[in-house]
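Asks: Using only what follows, build the 3D model:
(one chain, ligands or ions: 1)
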Amino acid sequence: MSEVIRLEKLTKTYGRRRGLAGLDLTVAEGEVFGYLGPNGAGKSTTIRLLLDLIRPTDGRALLFGTDSRRAEARLRRRIGYLPGDFTVAPRQRVEQCLAHLAALRGGVPRARIDALAARLDLDLGARVGALSKGNRQKVGLVQALMHRPDLLILDEPTSGLDPLVQQTFLDLIREAKLAGQTVFMSSHVLTEVEAVADRVGMIREGRLVALDTVARLRGRAAHDVEITFVGPADQAGLAALPEVSDLVVDGRTARLRLSGSPDTLIRLLAGHRLARLRVTEPDLEHLFLAHYRTDDTVEASRA
Ligand SMILES: Nc1ncnc2c1ncn2[C@@H]1O[C@H](COP(=O)(O)OP(=O)(O)OP(=O)(O)O)[C@@H](O)[C@H]1O
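Replies: Numbering: from 1, shown residues only. Now for the predicted structure:
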């Protein structure tokens, strides 16, 4: 499988400030890559370097095997880009704005624009200036997706979208993947991208501190479980289960961490009457960092 994105020792300094420090990363064709990091980590800097909107201090970014600094219009048309701060002329109507952008991308069937707008519940007749932040973001998504680009580069695509529209967005990304498109999307939080991403990388202070497949991450996930028994808590039974750790019993309530299959726990609980059972989804973000935060990366990010 060929590489759609390749970053080699990509570095950007802003005066004395470090935006990105020697980043190496590749994204394969057809892959959905989630690019995570807190505010100011360097996500937008990476994306702007990729698109040649800014120039690297050192290293290089390759798109479809071509240095992004030498990418011509033909190659750029293969990309759909949603900037973090998507803005357009406020007086235009949404459909005029999209028609203009479609022409720049070599033409897009009107039916495609209508279909995307309908799915995202975007009013094509509205004036751009009168749109809420979430609706403006929808315009940004339509213009990034409409020409079915080989590569989608999306900077915080779900920002401002309500939960229902976020789900529609995730469906659109799944469809893009099925069609063989490659997706590079940034986010603050893992939970937003883990539903669709094949792989996730996390940057902090301009350095990659973690990188793995979502499947491996999920396999390592533990659940927090809280059980309230009707009778006395079965502390001994719970403590004997190999999947159970961090067991704390407080009266009739037991709190524990469950790793791997819930099977033996369920069998044990089937022999008791329960007042309440609560299972909390793992905090993948925490797990991700806990697993990867080696002394090396900590030292590196301090350097
Ligand atoms: N034009 C600029 N001039 C000076 N410093 C900049 C500039 N652009 C970015 N930086 C700095 O580079 C670092 C990385 O910023 P970047 O915008 O890439 O982060 P980000 O991960 O996209 O954050 P956010 O989630 O807040 O958008 C920050 O410390 C930021 O202040």
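Asks: What sits closest to the residue in the stretch 151-300 of the chain that the ligand sits nearest to if chain neighbours are left out?
Replies: Closest approach between the stretch 151-300 of the chain and the ligand, counting by Cβ to the nearest ligand atom: residue 188, at 6.1 Å. Using the backbone N, CA and C atoms, a C-beta is placed for each residue, glycine as well. Counting by Cβ to Cβ, 6 or more residues apart in numbering, residue 188 lies nearest to residue 38, which is 6.5 Å off, once chain neighbours are set aside.
Asks: Could you report the separation of that neighbour from the ligand?
Replies: Counting by Cβ to the nearest ligand atom, to the nearest Å, the gap from residue 38 to the ligand is 7 Å.
Asks: Tell me how this protein divides into domains.
Replies: Domain ranges of the chain: 1-78+149-221+283-303, 87-143, 222-281, per automatic domain parsing.
Asks: in the stretch 1-150 of the chain, which spans are strands?
Replies: Along the stretch 1-150 of the chain, counting by DSSP state E, counting those that start in this stretch, strands occupy 3-14, 17-28, 32-36, 58-63, 66-67, 79-82.
Asks: Let me have those strands in TSV, adding mean neighbour count, distance to residue 95 and mean pLDDT as columns.
Replies: Conversion of the strands of the stretch 1-150 of the chain to TSV gives the following (neighbours: other Cβ atoms under 10 Å; distance: least, Cβ to Cβ, whole Å; pLDDT from 0 to 100):
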stretch	mean neighbour count	distance to residue 95	mean pLDDT
strand 3-14	19	31	95
strand 17-28	18	33	92
strand 32-36	24	29	95
strand 58-63	19	30	95
strand 66-67	12	34	94
strand 79-82	22	18	95
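Asks: Tell me the residues of the stretch 1-150 of the chain that contact the ligand?
Replies: By the rule Cβ under 6 Å from any ligand atom, the part of the stretch 1-150 of the chain lying against the ligand is 14, 17, 19, 37, 39, 40, 41, 42, 43, 44, 45, 84.
Asks: Please, a PyMOL command that selects the buried ones among these?
Replies: Selection of buried members from these for PyMOL, criterion 16 or more other Cβ atoms under 10 Å:
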select buried, resi 19+37+41+42+43+44+45
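Asks: quick one on the thing from earlier: for the residue of the stretch 151-300 of the chain closest to the ligand, what are its contacts?
Replies: Taking Cβ atoms under 8 Å, 6 or more residues apart in numbering, we find residue 188 in contact with 36, 37, 38, 39, 156.
Asks: do the same with residue 77
Replies: With Cβ under 8 Å, 6+ apart, residue 77 has these contacts: 105, 106, 147, 149.
Asks: Let me have these in CSV, extended by neighbour count and pLDDT.
Replies: Output for those, formatted as CSV (neighbours: other Cβ atoms under 10 Å; pLDDT from 0 to 100):
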residue, neighbour count, pLDDT
105, 17, 84
106, 10, 85
147, 21, 94
149, 20, 95
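Asks: of all the residues you listed, which two lie farthest apart?
Replies: 106 and 149 (11.0 Å; Cβ to Cβ).
Asks: my read: residue 140 touches residue 86, true?
Replies: Yes - the pair residue 140 and residue 86 qualifies as a contact (Cβ atoms under 8 Å) at a distance of 3.5 Å.
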